[in-house]
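Engineer: Predicted model follows, preceded by the sequence.
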Amino acid sequence: MVDFAGWEMPLLYSSIIEEHRHCRTAAGFFDVSHMGRLRFSGRHARKFLDHVCTRQVLGMEVGQCRYGLVCNEQGGCLDDVIISCFDEAEYLMVCNASNRAKLLAHFAAVKGDMAFKLEDQTESTAMVALQGPKAMDVISSLSSEIPKLKRYRFVQKSLIVVKMIVSRTGYTGEDGVEVILGSTMARMALGMFLKDAKEGSSIIKPVGLGARDTLRMEAGMPLYGHEIDEQTDPISAGLGFAVKLDKGDDDERAGRFIGQDALQRISRDGPTRKLVGLGLEGRRSARQGMEVRRGGAVVGRVTSGCLSPSLDRPIAMAFVDAALADVGSELEVDLRGALVAARVEPLPFYRKG
């Protein structure tokens with residue numbers, strides 16, 4: 001168990017490699033109750049979310065989820081979030097644990113005269129994830145409706161006496177769901193999902209934060225504090241798909257979002273650095289902050305790295321000079337004084353199936 005943003009969280013249950021591979025071949029169960037859950041409701045709830053989020057909220061359908069970012073005026077990322085639409089006046093935002101207090105303060109500062117209610121439901125609810133190629137087999141035994149959900153859609157369900165929000169989202173590169181339920185019912189839900197977990201042949205096994213990190217790295221997914229932060233814009237980080245640069249131009253109801261001017265400028269001029277995937281020679285892993293070099297000059301820095309349990313070789317993500325970001329570019333990583341050859345690879349490193 002480790003401290004993570006004030007939460008006591010499991011780093012591992014058996015071993016990181018074993019849990020990682022079980023999630024890739026069967027199904028992993030993750031306790032992600034540390035993630036922030038903020039509910040917005042009222043007359044200006046949608047308008048406010050369009051003001052603070054890079055992704056357009058106007059026009060979202062009931063039951064739809066969208067990944068987006070909350071930025072500062074300079075276009076730096078305050079956090080990456082998922083927004084779920086319950087109706088045109090009620091939304092749920094899931095954010096990172098380490099940024100929840102910061103976002104609450106930011107939202108209070110930029111609210112202006114907009115009328116809406118913001119309820120922090122993080123401690124009154126629990127959140128778990130079931131991820132892996134056999135996750136839906138397990139879910140189908142509990143509900144015939146949930147496996148029919150499209151990606152980035154959610155449904156509200158009652159299983160036995162447990163009311164829950166089930167979304168077809170995740171952070172592993174695998175199929176699966178994330179489930180939000182009342183904190184008082186969390187123990188019952190654990191028992192329902194993990195009743196056979198102690199058996200060696202169980203489809204579902206618990207997975208800790210260690211394997212969650214290696215899984216998301218293989219899937220090329222950013223982690224706040226590594227690939228994105230307040231000095232990093234989403235376009236440079238390869239998250240342009242989650243930024244609507246012309247928000248408000250076609251429909252004034254959508255409004256413009258905080259940081260839009262800066263991101264339009266970065267998009268027009270082109271980022272000076274880009275996030276890339278790196279494949280390293282040998283068996284040693286790169287770590288955050290290690291220098292990326294080309295011809296003796298520092299041309300970037302590693303943001304995340306590991307020995308990939310699925311690919312059985314070292315992989316990393318790094319920001320490098322934009323001119324060197326093309327797939328196939330030959331670089332080097334300084335592993336504490338030892339220069340190791342590296343090549344730019346397409347993200348994600350791992351694709352299921």
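Structural biologist: Received, thanks. All of these numbers come straight from a predicted model, not from anything done at the bench. Numbers count the residues shown, from 1 in each chain.
Engineer: okay, CA-based contacts and neighbour counts for the rest of this
Structural biologist: OK.
Engineer: quick one, helices of the stretch 201-350 of the chain?
Structural biologist: Secondary structure of the stretch 201-350 of the chain by DSSP state H, counting those that start in this stretch: the helices cover 209-218, 260-269.
Engineer: any idea which of those is most buried?
Structural biologist: Of all the helices of the stretch 201-350 of the chain, helix 209-218 carries the top mean neighbour count, a mean of 23, counting by mean count of other Cα atoms under 10 Å.
Engineer: got any ranges where this structure has weak pLDDT?
Structural biologist: 196-201, 353 (pLDDT under 70).
Engineer: okay, now the domains of it?
Structural biologist: By the assignment in automatic domain parsing, the chain contains the domains 2-35+123-218, 272-353.
Engineer: Turn those domains into a markdown table, including distance to residue 114.
Structural biologist: Formatted as a markdown table, these follow (distance: least, Cα to Cα, whole Å):
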| stretch | distance to residue 114 |
| --- | --- |
| domain 2-35+123-218 | 26 |
| domain 272-353 | 36 |
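Engineer: Give me the neighbour count for residue 8.
Structural biologist: Neighbours of residue 8 under the rule other Cα atoms under 10 Å: 11.
Engineer: wait, what's in contact with it?
Structural biologist: 1-2 (Cα atoms under 8 Å, 6 or more residues apart in numbering).
Engineer: cool, and residue 217?
Structural biologist: Residues counted as contacts of residue 217 (Cα under 8 Å, 6+ apart) are 304-306, 316-317.
Engineer: Among those residues, which ones are in strands?
Structural biologist: Using DSSP state E, the subset of those located in strands is 304-306, 316-317.
Engineer: Quick one: which of the residues you listed is the most crowded by neighbours?
Structural biologist: residue 317 (30 neighbours).
Engineer: any idea how far residue 339 is from the residue lying closest to that one once chain neighbours are set aside?
Structural biologist: Nearest residue to residue 317, sequence neighbours excluded (Cα to Cα, 6 or more residues apart in numbering): residue 277, at 4.6 Å. Distance of residue 277 to residue 339, given as Cα to Cα, to the nearest Å: 17 Å.
Engineer: Which one of these two is surrounded by more residues?
Structural biologist: The neighbour comparison of residue 277 against residue 339 (other Cα under 10 Å) goes to residue 277, with 26 against 15.
Engineer: For that one, list the residues it contacts.
Structural biologist: 220, 315-318, 344-349.
Engineer: redo that, cut-off 10 Å
Structural biologist: 217-218, 220, 302, 304-305, 315-319, 325, 327, 342-349 (Cα atoms under 10 Å, 6 or more residues apart in numbering).
Engineer: before we move on, back to that, in CSV, list the contacts of residue 217 along with distance to residue 35.
Structural biologist: Putting the contacts of residue 217 into CSV (distance: Cα to Cα, whole Å) gives the following:
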residue, distance to residue 35
304, 20
305, 23
306, 23
316, 25
317, 23
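Engineer: Determine which two of these are furthest apart.
Structural biologist: 306 and 317 (9.5 Å; Cα to Cα).
Engineer: what's the offset of stretch 322-338 from the middle of its chain?
Structural biologist: 25 Å (Cα atoms, centre = their mean, to the nearest Å).
Engineer: ah, wrong one, I meant stretch 278-294
Structural biologist: Remark: stretch 278-294 is offset 23 Å from the chain centroid, using Cα atoms, centre = their mean.
Engineer: I figured residue 260 was touching residue 77, is that so?
Structural biologist: No. Proximity of residue 260 to residue 77 does not meet the contact threshold set by Cα atoms under 10 Å, at 11.9 Å.
Engineer: Overlap in contacts, those two.
Structural biologist: Joint contacts of residue 260 and residue 77 (Cα under 10 Å, 6+ apart) are 54, 71.
Engineer: which residues of the stretch 151-300 of the chain fall in strands?
Structural biologist: For the stretch 151-300 of the chain, the strands defined by DSSP state E, counting those that start in this stretch cover 154-159, 162-167, 176-182, 204-206, 273-280, 291-294, 297-308.
Engineer: for those strands, which one sits closest to residue 139?
Structural biologist: The nearest among the strands of the stretch 151-300 of the chain, by Cα to Cα, is strand 176-182 at 8.8 Å.
Engineer: Closest to residue 141 out of the contacts of residue 217?
Structural biologist: Comparing the contacts of residue 217 against residue 141 with Cα to Cα places residue 306 closest, at 35.4 Å.
Engineer: Tell me what that closest one is bridged to.
Structural biologist: residue 315 (DSSP bridges).
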